[in-house]
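>>> With the sequence up front, the predicted model follows.
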Amino acid sequence: MPGYQSFAEFYDGLMEDARYSDRCDYLLELFKRHGHSPGLTLDLACGTGSLTIELKKRGVDVYGVDASVDMLSEAMQKSLAEGLQILFLNQKMQELDLYGTIDTCVCTLDSINHITDYETLKKAFDRIGLFMNSGGLFVFDVNTVYKHTRVLGNNAFIIENDNVFCAWQNTLAEDNTVEIDLDFFEEDNGVYYRHSESFSERAYTHAQLAEALGGAGFEIEAVYGDFTFEPPKPDEQRAIYVAKMKKSRNSEG
């Protein structure tokens with residue numbers, strides 16, 4: 001995965017429609033419906049910390065982990081500006097090494113899709129499972145195969161708002177992988193400067209995700225459509241997975 005040096009600077013501008021406050025409310029309602037108290041919560045692949053901050057504001061004991069130092073720098077600045085003390089750690093998902101166990105892990109906005117190698121995905125799930133208490137919940141969303149093959153693949157988009165102008169070009173490759181090329185244009189005294197970022201995202205089938213979760217000790221409790229508590233529709237672009245840790249490996253033996 002890349003470091004997202006340019007991406008970090010423009011990320012929040014691109015994510016204006018991410019609805020972090022609504023997403024936080026949705027997660028809290030999801031926990032309630034599953035009879036789960038979030039307890040110590042990890043916001044995995046937290047990016048610039050927007051969701052982490054929303055969870056903290058609502059009283060959740062949360063900290064964030066991300067692979068990008070630049071993203072975490074933005075997250076720390078934003079949390080301090082809000083007067084919040086939040087721990088942020090620089091780690092890759094597949095190399096997760098926490099100080100202790102957790103009760104909940106959330107991973108949102110297609111962060112799982114950024115892992116394009118299936119064996120690496122299984123390692124990431126395994127690391128999450130290693131630190132998850134018995135009965136803990138792992139809640140994550142993924143871009144669906146439908147979205148990658150029918151919406152994103154081989155299409156181009158323009159994103160323009162008060163914060164950013166971005167040209168977005170996608171190329172559909174093997175294994176439901178989309179190669180993404182972003183060009184950001186920043187104006188300074190009438191001169192435009194271009195910043196570029198390239199990375200890939202892979203959509204996994206339900207069978208692949210179920211296998212990886214099962215191998216890490218999780219059992220799928222539910223799969224929902226985005227912002228719903230109903231099963232994903234055939235043309236669903238984002239699916240929400242709720243997986244429960246059957247038995248913590250830290251309590252075995």
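Thanks, I have the structure now. Residues are numbered from 1 along each chain as shown.
>>> can we go C-alpha only for contacts and neighbour counts from here?
Will do.
>>> for this structure, which spans come out with low pLDDT?
Low-confidence segments of the chain, defined by pLDDT under 70, span residues 1-17, 163-164, 248-253.
>>> who's in contact with residue 183?
166, 167, 168, 194, 195, 196, 197 (CA atoms under 8 Å, 6 or more residues apart in numbering).
>>> in the helix or strand where it lies, what counts as buried?
Element membership of residue 183 [criterion: DSSP states H and E] is strand 177-188. By neighbour count on 16 or more other CA atoms under 10 Å, the buried set for strand 177-188 is 177, 178, 179, 180, 181, 182, 183, 184, 185, 186.
>>> Residue 215: which of those residues is nearest?
Nearest to residue 215 among the buried residues of strand 177-188: residue 177, at 23.0 Å, using CA to CA.
>>> ok, the closest one to residue 47 distance?
Counting by CA to CA, to the nearest Å, the gap from residue 177 to residue 47 is 21 Å.
>>> Then residue 238?
From residue 238 to residue 47 the distance is 18 Å (CA to CA).
>>> ok, the two, which is more surrounded?
Remark: of residue 238 and residue 47, residue 47 carries more neighbours, 28 against 21, as counted by other CA atoms under 10 Å.
>>> so the more buried one, which of the three states?
Put simply, residue 47 is coil when judged by DSSP: H, G, I helix; E, B strand; the rest coil.
>>> quick one: it and residue 71 touch, right?
Yes: the pair residue 47 / residue 71 is scored as a contact, 5.2 Å apart, by CA atoms under 8 Å.
>>> May I have the secondary structure class of residue 233?
Each residue gets one of three states, and residue 233 gets coil by three-state DSSP.
>>> So for it, what's the nearest residue that isn't a sequence neighbour?
The shortest distance from residue 233 to any non-neighbouring residue, by CA to CA, 6 or more residues apart in numbering, is to residue 225 (6.9 Å).
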